[in-house]
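J.: need a structure here:
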Amino acid sequence: MEPIDHGVVASISNMSRTDEQIWKDACKGDHAAWKELVDRYQSLVYTVALRNGLSMADASDCFQHTWLALWQSRKRLKEPERLSAWLVTTARRESIRMSRQSRRMVSDECLSAEPDRSATPDIEFEQLEQQSKLQTGLDQMGERCRKLLNLMFFAPEEHSYEQIAAKSGIAFNSLGPIRRRCLEQLKEILGKLGFSHVRGKV
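T.: Below is the predicted model of the structure:
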């Protein structure tokens, strides 16, 4: 019997941790837990900033302000399981503030004359939150399932079943049963993450 790789075991354990579990450790001063949160949601925060019209440089500033605001609000955050929603709301407000400030520097008259186009409908932010949870769910799966589902549903280009079998290293005849098991596993993980179907999305 091969010896247990405790590093791998710890890595798998960390992948399945909830936001609430990581948040508790981060609030205790665990820098690794804080980095884990940032890594998990950095793309979400950047996406919100960019969708509100910020440049990449301004989105970076928005990113920093959002995480600083989270740390400053750590003692007041009552629902850490809703952390992704908190980040979306805060990044949205910060990006709108920065966008308005930028326009004001160009022309106060233009700001007063133009309607505010920076706010994205709430449904889009709900979609962003759900997409983030979906990515988290995929990250928590085993490598084979994660690779298979990415090839089948999330790859930038469509693959045939023959190509998927070759790329995933799974026998062609086994793709169907394994896909069903992987989808059931993903469904269970997403249920624990609070994932819900978003109206307007397929």
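J.: Let me see the contact set for the closest residue to residue 145 other than its chain neighbours.
T.: Nearest in space to residue 145, with sequence neighbours left out and distances taken as CB to CB, 6 or more residues apart in numbering, is residue 182 at 3.8 Å. For the C-beta atoms, the positions are set from N, CA and C on the backbone; glycine is no exception. Contacts for residue 182 (CB atoms under 8 Å, 6 or more residues apart in numbering) come out as 141, 144, 145, 148, 149.
J.: element containing the third one?
T.: Taking DSSP states H and E as the definition, one finds residue 145 inside helix 143-149.
J.: Strands of the protein, start to end?
T.: According to DSSP state E, the chain carries no segments that qualify as strands.
J.: can you give me the helices in it?
T.: Taking DSSP state H as the criterion, the chain carries its helices at 6-15, 19-27, 31-51, 56-72, 83-106, 108-113, 122-139, 143-149, 161-168, 175-193.
J.: Ok, which of the ones you listed comes nearest residue 155?
T.: Of all the helices of the chain, helix 161-168 sits nearest to residue 155, with 8.9 Å by CB to CB.
J.: Low-confidence ranges, the protein, go.
T.: Counting by pLDDT under 70, the chain contains low-confidence ranges at 1-16, 103-127, 156, 196-202.
J.: Let me know the closest of the contacts of residue 182 to residue 51.
T.: residue 149 (25.3 Å).
J.: For the closest one, grab the count of nearby residues.
T.: If you count neighbours by other CB atoms under 10 Å, residue 149 ends up with 20.
J.: Also residue 45?
T.: Residue 45: 28 neighbours (other CB under 10 Å).
J.: cool, residue 32 as well?
T.: Neighbour tally, residue 32, other CB under 10 Å: 10.
J.: ok, now the one 10 residues further on?
T.: Look at residue 42: counted by other CB under 10 Å, it has 14 neighbours.
J.: OK, contacts around it?
T.: Contacts of residue 42 by CB under 8 Å, 6+ apart are residue 63.
J.: which of the contacts of residue 182 are buried?
T.: Neighbour-count burial (16 or more other CB atoms under 10 Å) applied to these gives 141, 145, 148, 149.
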